[in-house]
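**Q** Need a 3D model of the sequence below.
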Amino acid sequence: MSGFVKRLQDSLRTVNLTMLLMLNLFFIVTLILAVVTVLVVLGADNGFFIRGGSVSIGGALVILYTSCICMAVSLVIAIRLVLVNPIVKMVQAMNRLAAGDFTVRLQPSTRGYEPTEIREFKAAFNKAAEELSGTELLRKDFVNNFSHEFKTPIVSINGFADLLLDDDVPPDEQREYLQIIRDESKRLARLSSGVLLLSRVEAQTILTDRADFALDEQLRQSILVTQQKWRGKAPDFKAELSPCLCNGSEALLKEVWLNLLDNAAKFSPDGGTIGVTLRVADGQAVVSVTDQGCGMDDETRRHIFEQFYQGDTSHKTQGNGLGLAMVQKIVALHGGQITVDSHPNRGSCFTVRLAARSA
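**A** So this is what the prediction gives:
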């Protein structure tokens, strides 16, 4: 991004200097021609403006070049007001943006004429500055949240390890402390894996491992994995899966289903029902995962796909807030769309749409 900003700055400076040189050259040449013509005319012996009741050739030339001077001066002033001054402001704004000031905006002209190209540039610049501002805010939030999420389990592990060094700790307490250290270690490992996978997905712009695979079979396998993981809650899965072929990254899409099913099982009550449906409509595979959990309010739904955001803090120790952010990026990478329909105390339904065809 910094390289792009620098190149754009150099281009604007080049345009600005070239335009000023051309205008100055035009003005000087015109002025010299006018002065020479005036001197020639003034040195003539015949009439100056009027000869024999009509305008003389010398007088006509004086009028012509005087008009040219006025036109040149007017043109220089007009171009400076309409083009040069806005370009100077654009260069200054680019300098501020390159220096990290993402609050800078270019305001449209409130008086006089403004070329369409400059208006379009200002609109594009403001949009880019707004996007950079949002990206910078997300980066800072990510760093702060990431540091906090990593620090918490490390502090817990360190604290309980210090307690275990005490010879007076009863065996029952030792076992409890060791279980906490084990759980925090697993949490730290999950967080590391999640961040690495999220970074990989964010760095990708194209899918290099696209292939056709049976989406319905992948969903069946994902359900089995989730059942095994949450066998203590014994969730009841009801699946209606139509045969379907999907072209995409099989490994990445499996992460999507495992995350959605894992969330559904996590927030569902013991023995709750989790619905999984797959249907093909208008060339799209529509996958829906429905749970009977606590649901979400409007505020939670608006932020649910943000990194490290967790609306239900009662399940905070069971996740890290990266799953749905990664799911959304993987689906977007496949050209698909994910939506959520949820209401408090009425469960949630996540729907994923991907390009596919019937098997």
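
**Q** was I right about Lys122 contacting Pro108?
**A** Yes: with contact defined as CB atoms under 8 Å, Lys122 reaches Pro108; the gap is 6.2 Å. All C-beta spots, glycine's among them, are computed from the backbone N, C-alpha and C.

**Q** Between these two, which has more neighbouring residues?
**A** Neighbour comparison, Lys122 and Pro108: the larger count goes to Lys122, with 20 against 10 (by other CB atoms under 10 Å).

**Q** what sits against that one?
**A** Counting by CB atoms under 8 Å, 6 or more residues apart in numbering, Lys122 touches Met90, Leu106, Gln107, Pro108.

**Q** What score does it have for pLDDT?
**A** In this model, Lys122 is scored at 82, pLDDT.

**Q** For Ile87, see how far away it is.
**A** From Lys122 across to Ile87, the span is 11 Å (CB to CB, to the nearest Å).

**Q** Neighbours of the nearest residue to Ile304 once chain neighbours are set aside, how many?
**A** In space, and not counting its chain neighbours, Ile304 is closest to Leu324: 5.7 Å by CB to CB, 6 or more residues apart in numbering. Under the neighbour criterion other CB under 10 Å, Leu324 is assigned a count of 23.

**Q** can you give me the helices for the stretch 251-359 of the chain?
**A** 298-303, 323-333 (DSSP state H, counting those that start in this stretch).

**Q** Any buried residues in the longest one, and which?
**A** Read it as helix 323-333. Gly323, Leu324, Ala325, Met326, Val327, Gln328, Lys329, Ile330, Val331, Leu333 (16 or more other CB atoms under 10 Å).

**Q** thinking again about what came up before, which of the contacts of Lys122 are buried? Put it as a PyMOL command.
**A** To isolate the buried ones among those in PyMOL, judged by 16+ other CB under 10 Å, type:
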select buried, resi 90+106
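
**Q** and which of the contacts of Lys122 is nearest Gly232?
**A** Leu106 (58.4 Å; CB to CB).

**Q** got the residue ranges for the helices in the stretch 51-200 of the chain?
**A** Using DSSP H, counting those that start in this stretch, helices in the stretch 51-200 of the chain cover 57-79, 85-98, 116-164, 171-203.

**Q** I'd guess Gly232 is in a helix, am I close?
**A** No: counting by DSSP: H, G, I helix; E, B strand; the rest coil, Gly232 falls outside a helix, being coil.

**Q** Give me the pLDDT for it.
**A** 81.

**Q** I'd like to know how many residues surround it.
**A** 7.

**Q** try the one 4 residues further on
**A** When neighbours are counted by other CB under 10 Å, Asp236 registers 13.

**Q** which ones are touching the nearest residue to it once chain neighbours are set aside?
**A** For Asp236, ignoring the flanking residues on the chain, the nearest one in space by CB to CB, 6+ apart is Thr273 at 4.8 Å. Listed by CB under 8 Å, 6+ apart, the contact set of Thr273 reads Pro235, Asp236, Phe237, Lys238, Gln292.
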